[in-house]
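Trainee: this one's structure only:
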Ligand SMILES: O=C(O)c1ccc[n+]([C@@H]2O[C@H](COP(=O)([O-])O)[C@@H](O)[C@H]2O)c1
Ligand SMILES: Cc1cc2nc[nH]c2cc1C
């Protein structure tokens with residue numbers, strides 16, 4: 001049992017690992033010796049330097065990336081806030097393990113581990129093999145009417161994330177959390193709005209494709225949910241209880257445990273970033289281990305990224321979830337490390353006969 005006990009502080013408050021400053025400085029020095037004007041590779045330089053600090057080596061490498069998709073359902077879909085029926089959550093679980101989902105393709109492309117976790121679907125699916133089953137309940141309650149989950153369920157959701165990180169293959173050197181859950185843009189919108197003290201209308205968007213009158217209806221349902229829940233929320237955990245989701249809690253727990261174990265995190269879209277916001281609210285050290293893969297087309301993502309002081313690597317108008325934006329950004333991360341590790345320094349280039357020295361020297 002990893003939950004808070006009566007006598008000790010809960011595990012998610014425990015200290016996160018500390019990135020290695022000497023390797024960071026070594027990587028910065030190396031970047032400035034490579035055969036290019038200093039800074040000319042822009043964010044690719046920053047990415048390589050971050051990984052050096054995270055891995056404690058001047059020449060970092062990604063050898064065992066892992067993606068875990070956390071799935072759950074949301075009672076609030078009864079209010080008509082998604083463009084798709086709830087049954088799609090379990091149908092997509094089948095697709096993830098059968099290899100036909102976008103994240104399945106990207107995981108194969110990168111030779112990345114792909115784990116799928118059932119955190120609580122409305123339609124029971126425990127018969128599915130190849131999925132880790134940790135259902136907290138058959139979906140959350142409808143948070144427009146009552147709390148999405150109990151305090152115990154919120155803690156259980158965080159615990160699932162920690163357990164999954166503890167089970168990752170030894171040597172796993174990058175963690176991507178994906179998510180799947182019809183209705184979870186509604187949960188993420190209210191959770192982010194609650195944490196940032198913004199109206200839901202500042203963050204709400206089409207999700208799977210809710211537009212026109214239906215989008216107006218979604219805005220009204222979420223605004224009413226915020227009015228109902230606000231008086232019960234005085235902490236990030238209570239925000240998760242009132243308007244969150246099981247997969248959001250599990251991802252926040254996974255991010256915190258990854259940061260405690262020193263595993264770098266590549267964050268995906270709006271829902272994953274909202275879980276990141278929750279994780280940082282619960283334990284600010286988690287932020288030190290996060291890199292942001294992309295900015296989703298979901299309008300609320302920009303506000304969440306801003307609150308996290310995050311600069312995403314890509315902006316491709318993606319809004320799929322599953323970890324797909326982060327997995328797409330992994331290509332850029334790998335290229336950043338290849339350039340950092342394999343480019344010649346000015347000294348090496350001169351030795352090989354090409355006299356390359358900058359004017360300033
Ligand atoms: O990652 C994103 O930015 C993102 C933006 C919009 C939708 N999604 C995905 O779409 C589903 C939620 O959309 P909705 O309309 O049912 O709330 C869920 O399965 C997410 O993975 C994901
Ligand atoms: C088909 C489909 C695939 C998804 N993947 C993540 N969220 C999704 C939502 C839908 C509707």
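Mentor: That came in fine, so what should we check first? Being a predicted model, the structure only gives us computed values, none of them experimental. Numbering: from 1, shown residues only. Ligands and ions are numbered 1, 2, ... in the order given.
Trainee: for stretch 330-346, which positions count as buried?
Mentor: The neighbour-count criterion (16 or more other Cβ atoms under 10 Å) identifies 330, 332-334, 336-337, 339-340, 343-344, 346 as the buried residues of stretch 330-346. Heads up, the C-betas are built off the backbone N, CA and C, glycines and all.
Trainee: now these in a markdown table, with secondary structure?
Mentor: Shown next, in a markdown table, are these (DSSP: H, G, I helix; E, B strand; the rest coil):
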| residue | secondary structure |
| --- | --- |
| 330 | helix |
| 332 | helix |
| 333 | helix |
| 334 | helix |
| 336 | helix |
| 337 | helix |
| 339 | helix |
| 340 | helix |
| 343 | coil |
| 344 | coil |
| 346 | helix |
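Trainee: what's the closest non-adjacent residue to residue 233?
Mentor: residue 239 (5.0 Å; Cβ to Cβ, 6 or more residues apart in numbering).
Trainee: measure that neighbour to ligand 1 for me?
Mentor: Distance, residue 239 to ligand 1, by Cβ to the nearest ligand atom, to the nearest Å: 18 Å.
Trainee: I'd say that residue and residue 191 touch.
Mentor: Yes. Look at residue 239 against residue 191 with Cβ atoms under 8 Å: they come within range, at 5.7 Å.
Trainee: shared neighbours, the two?
Mentor: residue 278 (Cβ atoms under 8 Å, 6 or more residues apart in numbering).
Trainee: of those two, which one has the most company?
Mentor: residue 191 (32 against 26; other Cβ atoms under 10 Å).
Trainee: what sits against residue 299?
Mentor: 203-205.
Trainee: Throw these into a markdown table and include distance to residue 154, thanks.
Mentor: Listed next are these as a markdown table, based on distance: Cβ to Cβ, whole Å:
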| residue | distance to residue 154 |
| --- | --- |
| 203 | 21 |
| 204 | 23 |
| 205 | 25 |
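Trainee: so residue 266, which state does it fall into?
Mentor: For residue 266, the assignment made with three-state DSSP gives strand.
Trainee: give me the number of residues near the closest residue to it other than its chain neighbours?
Mentor: Spatial nearest neighbour of residue 266, excluding adjacent residues (Cβ to Cβ, 6+ apart): residue 326 at 4.4 Å. Neighbour count for residue 326, taken as other Cβ under 10 Å: 31.
Trainee: and the pLDDT for residue 326?
Mentor: As predicted, residue 326 sits at a pLDDT of 99.
Trainee: so it sits against residue 290, correct?
Mentor: No. Counting by Cβ under 8 Å, residue 326 stays clear of residue 290, with 10.7 Å between them.
Trainee: quick check, residue 291 in a helix?
Mentor: No. Under the criterion used here (three-state DSSP), residue 291 is strand, not part of a helix.
Trainee: excluding its backbone neighbours, what's nearest residue 66?
Mentor: Using Cβ to Cβ, 6+ apart, the nearest residue to residue 66 is residue 113, at 4.3 Å.
Trainee: nope, residue 44 is what I meant
Mentor: That would be residue 336: by Cβ to Cβ, 6+ apart, it lies 4.0 Å from residue 44.
Trainee: and what of residue 134?
Mentor: Per Cβ to Cβ, 6+ apart, closest to residue 134 is residue 160, 4.7 Å.
Trainee: tell me the contacts of the one you found?
Mentor: Neighbours of residue 160 in contact, by Cβ under 8 Å, 6+ apart: 70, 117, 119, 134, 136, 246, 249-250, 253.
Trainee: make it 10 Å
Mentor: Contact partners of residue 160, counting by Cβ atoms under 10 Å, 6 or more residues apart in numbering, are 2, 70, 72, 117-120, 132, 134-136, 246-247, 249-251, 253-254.
Trainee: got a pLDDT number for it?
Mentor: 99.
Trainee: so which strand or helix has it?
Mentor: Element membership of residue 160, judged by DSSP states H and E, is helix 151-167.
Trainee: this completes my enquiry, with thanks.
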